[in-house]
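> Sequence plus predicted model, see below.
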Amino acid sequence: MKMVKSLLLGTAAGLIAVGGAQAADLPVKAKAVEYVKICSLYGAGYYYIPGTDTCIKLGGYVRAEVALNAGGNYSAQYNGVFAANNRLTNYYSMRAREDLNIDTRTATEYGVVRTYFDAVFTWTTGNYGGTGSATGATQYSGTIGLNAAGTGLTGSGGGSINGTDGNISGGALGVYYAFIQFAGFTMGKAVSQFDAPWINYPGNNFDQLVGGSGTTNGVAQFTYTADFGQGITAAFSAQDQTQVFQTNIWNTAGMSATGVLGGAYGSNDLGGSRAPDLVAMVRVDQAWGVFQASVAAHDNHVAYYGANEATGHPEDKWGWAVQLALGIKNIPTGAGDVINVSGVYTEGASRYNFQELAATSYSMFGSSNVAYQSIGFAGVSDAVFAPGGGLELTKTYGFRGAFTHNWSPNWNSALYGAWAAVNYNGTAKGLICGSAAFATLTGTCNPDFNIGQIGVITRWTPVKGLTFSADFTYSHLDQKYSGVMTTGALTGVAKPAATYQLKDQDTYSLLLRAQRNW
């Protein structure tokens with residue numbers, strides 16, 4: 001009994017000793033939790049990333065919209081099944097989008113180091129096109145892949161993934177911007193330095209406004225910006241031309257009647273990239289508004305006259321563009337009212353007038369009392385050539401602008417418009433109109449054309465960050481052809497082999513949008 005009692009007392013004493021030792025090892029006070037701190041150095045919405053001196057801001061928006069008589073982007077019915085004016089034409093297109101952007105900034109001895117990323121996730125109504133089947137079969141545009149600009153995925157569909165080729169249907173992922181800014185340099189994908197301060201949107205939601213440059217989706221570039229103080233800056237930039245600053249370089253040997261009526265004057269014969277576009281810009285920001293002057297140089301580099309390198313090629317020709325933009329604030333019509341206008345001239349660099357979301361081919365159908373139907377067609381190029389010849393550069397010019405009036409803190413409206421002209425020189429017209437593609441034309445052959453657009457938008461912002469808008473746009477295609485032309489079947493738009501009257505065309509569209517910014 002004495003032995004048992006001794007064992008129990010010894011065990012208890014040992015446990016007490018161990019417990020005391022462990023208690024002595026515990027910290028007297030727990031470490032303070034490191035909370036996220038507000039960063040006020042760069043404006044509202046920034047926070048310090050815990051454990052660093054880098055500030056971060058998250059932002060974005062959610063958008064829901066329906067476009068009547070328009071395409072998936074808020075685009076007019078200028079070509080394809082959208083402009084066929086038949087049972088393949090969508091009366092409406094719907095879209096939902098989420099945008100996410102991340103902005104980080106760190107103060108250093110060389111100035112602020114900034115990174116910026118902006119991506120979008122989108123679902124858009126697709127459309128049906130003809131396959132040429134005798135039974136009238138159509139095909140949905142639901143299977144998608146990388147778009148022509150390489151910026152992401154485009155299209156829409158039923159929401160499946162095809163593992164064999166990586167295509168996706170049901171949505172799209174795109175990257176608008178991804179760049180680093182340091183010591184005056186911008187490196188990565190950002191808005192072009194050539195663009196007006198409002199890019200494509202002087203006062204509109206309409207995506208296809210002509211009359212100037214616009215890289216809403218960004219362009220890869222290497223830029224240096226100098227700040228001279230007093231609101232005066234200048235930028236010098238080398239930017240990727242292949243992404244969004246090429247239209248067409250047509251080899252007229254590839255012309256066909258069906259291609260011509262689709263707005264293409266031959267085979268698009270672009271070669272590999274050799275030189276980036278070179279851009280210079282001067283901008284003045286003052287209390288009264290902003291003024292900007294931009295110039296760009298664009299290298300036109302062609303592949304070959306024929307199927308292989310033995311056929312030879314035309315020599316490169318540099319094109320150029322110049323743009324002036326003016327924004328005036330605090331005008332007498334009301335607080336916050338603004339006028340934005342810009343004008344542009346290009347030679348061999350047409351994308352600086354017909355911006356990346358604008359159409360470069362037009363094929364619009366309407367009624368006729370002298371033929372099966374009427375059609376207005378036109379095409380935009382940087383240059384035209386024929387085998388054995390040189391590049392004939394295409395000239396364009398145009399303008400755009402808007403007046404925005406604030407009715408109240410919650411309501412505003414804008415009246416906007418744009419106009420652009422495309423002119424082919426005498427040699428280019430001879431190559432185009434001398435082609436066998438126009439053999440059935442009875443009338444006037446002239447590939448020059450003008451496109452005019454006018455619209456009105458009204459926005460209601462009932463609470464901060466939430467805006468409802470209605471945007472109506474009217475477009476007029478002023479083409480220079482006349483007479484009638486007979487062509488084979490246009491299977492993609494379900495048009496039969498017939499005689500068509502060549503005449504100007506009109507179209508209109510309406511966008512209803514709800515957007516929540518955060």
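Here it is on my side, so go on. Note that the structure is a prediction, hence the values are computed from the model and not measured. Numbers count the residues shown, from 1 in each chain.
> ok, Met485 - how many residues close by?
By other CB atoms under 10 Å, the residues close to Met485 number 24. Backbone N, C-alpha and C define where each C-beta goes, glycine included.
> Roughly how far does the closest residue to it other than its chain neighbours sit from Phe377?
Excluding the flanking residues, the one nearest Met485 by CB to CB, 6 or more residues apart in numbering is Leu441, at 4.6 Å. Counting by CB to CB, to the nearest Å, the gap from Leu441 to Phe377 is 12 Å.
> which of the two has more neighbours?
Just comparing Leu441 and Phe377: by other CB under 10 Å the higher neighbour count belongs to Phe377, 27 against 19.
> what's near enough to touch Tyr61?
Contacts for Tyr61 (CB atoms under 8 Å, 6 or more residues apart in numbering) come out as 97-99, 515-518.
> In helices, which of the residues you listed fall?
The helices, defined by DSSP state H, take in nothing from the contacts of Tyr61.
> Next, show the common contact partners of Leu441 and Phe377.
Here Leu441 and Phe377 have 481, 502 as joint contacts, going by CB under 8 Å, 6+ apart.
> Run through the bridge partners of Asn286.
Small correction: residue 286 is Gln, not Asn. Listed by DSSP bridges, the beta-bridge partners for Gln286 are Gly289.
> do Gln239 as well
Gln239 has the following beta-bridge partners by DSSP bridges: Gln221, Asp277.
> what about it, distance to Leu477?
Distance from Gln239 to Leu477, by CB to CB: 30 Å.
> Can I get the lengthiest strand in the chain in CSV, CA atoms only?
Secondary structure of the chain per DSSP state E: the longest strand is strand 92-108. Extracted C-alpha coordinates of strand 92-108, given in CSV (Å, rounded to 0.1, in the frame of the first residue of the first chain):
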residue,chain,number,x,y,z
TYR,A,92,-31.5,40.8,-81.3
SER,A,93,-28.3,39.7,-79.7
MET,A,94,-27.8,39.3,-75.9
ARG,A,95,-24.6,39.6,-73.9
ALA,A,96,-23.4,39.3,-70.3
ARG,A,97,-19.9,40.3,-69.2
GLU,A,98,-17.8,40.4,-66.0
ASP,A,99,-14.7,42.6,-66.0
LEU,A,100,-11.9,42.3,-63.4
ASN,A,101,-9.0,44.7,-63.1
ILE,A,102,-6.0,44.7,-60.7
ASP,A,103,-3.9,47.8,-60.1
THR,A,104,-0.7,47.6,-58.0
ARG,A,105,1.7,50.5,-57.1
THR,A,106,4.9,50.7,-55.2
ALA,A,107,6.9,53.8,-54.4
THR,A,108,10.7,53.5,-55.2
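> For that strand, name the packing helices and strands.
Contact analysis of strand 92-108 by 3 or more CB pairs under 8 Å, 6 or more residues apart in numbering; DSSP states H and E lists strand 54-68, strand 111-124 as its packing neighbours.
> Compare those strands and give me the one nearest Ser367.
Nearest to Ser367 among the helices and strands packed on strand 92-108 is strand 54-68; the distance by CB to CB comes to 20.5 Å.
> Next, the buried residues of the closest one.
54-57, 60-61, 63, 65, 67 (16 or more other CB atoms under 10 Å).
> Now do the contacts for the residue nearest to Met485.
Taking CB under 8 Å, 6+ apart, we find Leu441 in contact with 481, 483-485, 502.
> follow-up on the earlier one: please spell out which residues along the longest strand of the chain are buried.
Those would be 93, 95, 97, 99, 101, 103-106, for strand 92-108 by 16+ other CB under 10 Å.
> Describe which strands that strand pairs with in its sheet and in which direction.
strand 54-68 (antiparallel), strand 111-124 (antiparallel).
> what's the closest of the ones you listed to Asn423?
Using CB to CB, the strands paired with strand 92-108 put strand 54-68 closest to Asn423, at 31.3 Å.
> so which strand or helix has Gly43?
Using DSSP states H and E, Gly43 maps to neither a helix nor a strand.
> Tally up the residues packed near it, please.
Residues near Gly43, counting by other CB under 10 Å, number 11.
> cool, and the one 10 residues further on?
Taking other CB under 10 Å as the neighbour definition, Asp53 ends up with a count of 11.
> Leu510 too?
Neighbour number of Leu510 under other CB under 10 Å is 16.
> check contacts around it.
67-70, 470-473.
> pLDDT value on it, please?
Listed pLDDT for Leu510 reads 97.
> what do you get for Trp419?
Looking at Trp419, the pLDDT reads 98.
> That one should be in a helix, yeah?
No. Going by DSSP: H, G, I helix; E, B strand; the rest coil, the assignment for Trp419 is strand, not a helix.
> Distance check, it against Ile375.
Per CB to CB, Trp419 is found 22 Å from Ile375.
> Compare these two (neighbour count), which wins?
Neighbour tally, Trp419 and Ile375, criterion other CB under 10 Å: the higher count belongs to Ile375, 28 against 19.
> re earlier: out of the strands paired with strand 92-108, the one nearest Ala358 is which?
Of all the strands paired with strand 92-108, it is strand 54-68 that lies closest to Ala358, at 16.0 Å by CB to CB.
> Next, please give the residue ranges for the helices of the protein.
In the chain, the helices defined using DSSP H lie at 2-25, 241-244, 257-261, 426-433.
> just the buried members of the contacts of Leu441?
481, 484-485, 502.
> how about the strands in the stretch 401-518 of the chain?
Using DSSP state E, counting those that start in this stretch, the strands of the stretch 401-518 of the chain run over 411-423, 442-444, 449-463, 466-479, 482-487, 498-502, 505-517.
> what lines up beside the longest one in the sheet?
What it means is strand 449-463. strand 411-423 (antiparallel), strand 466-479 (antiparallel).
> and if you look at the fifth one?
Taking DSSP bridges as the criterion, strand 482-487 sits next to strand 442-444 (antiparallel), strand 498-502 (antiparallel) in its sheet.
> most neighbours per residue, which of those strands?
Scoring the strands paired with strand 482-487 by mean neighbour count under mean count of other CB atoms under 10 Å gives strand 498-502 as the most buried, with a mean of 20.
> Buried subset of the contacts of Leu510, written for PyMOL?
To isolate the buried ones among the contacts of Leu510 in PyMOL, judged by 16+ other CB under 10 Å, type:
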select buried, resi 67+69+70+471+473
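> where's the dip in pLDDT among the contacts of Leu510?
Ala70 (89).
> any idea how far the residue lying closest to that one once chain neighbours are set aside is from Ser40?
Counting by CB to CB, 6+ apart, Ala70 lies nearest to Ser509, which is 3.7 Å off, once chain neighbours are set aside. In this view, Ser509 and Ser40 are 44 Å apart by CB to CB.
> higher neighbour count, the two?
In this view Ser509 and Ser40 are compared by other CB under 10 Å, and Ser509 has more residues nearby, 24 against 9.
> what pairs with that one across the strands?
Per DSSP bridges, the residues bridged to Ser509 are Thr473.
> if I look at it, how far off is Phe399?
From Ser509 to Phe399 the distance is 21 Å (CB to CB).
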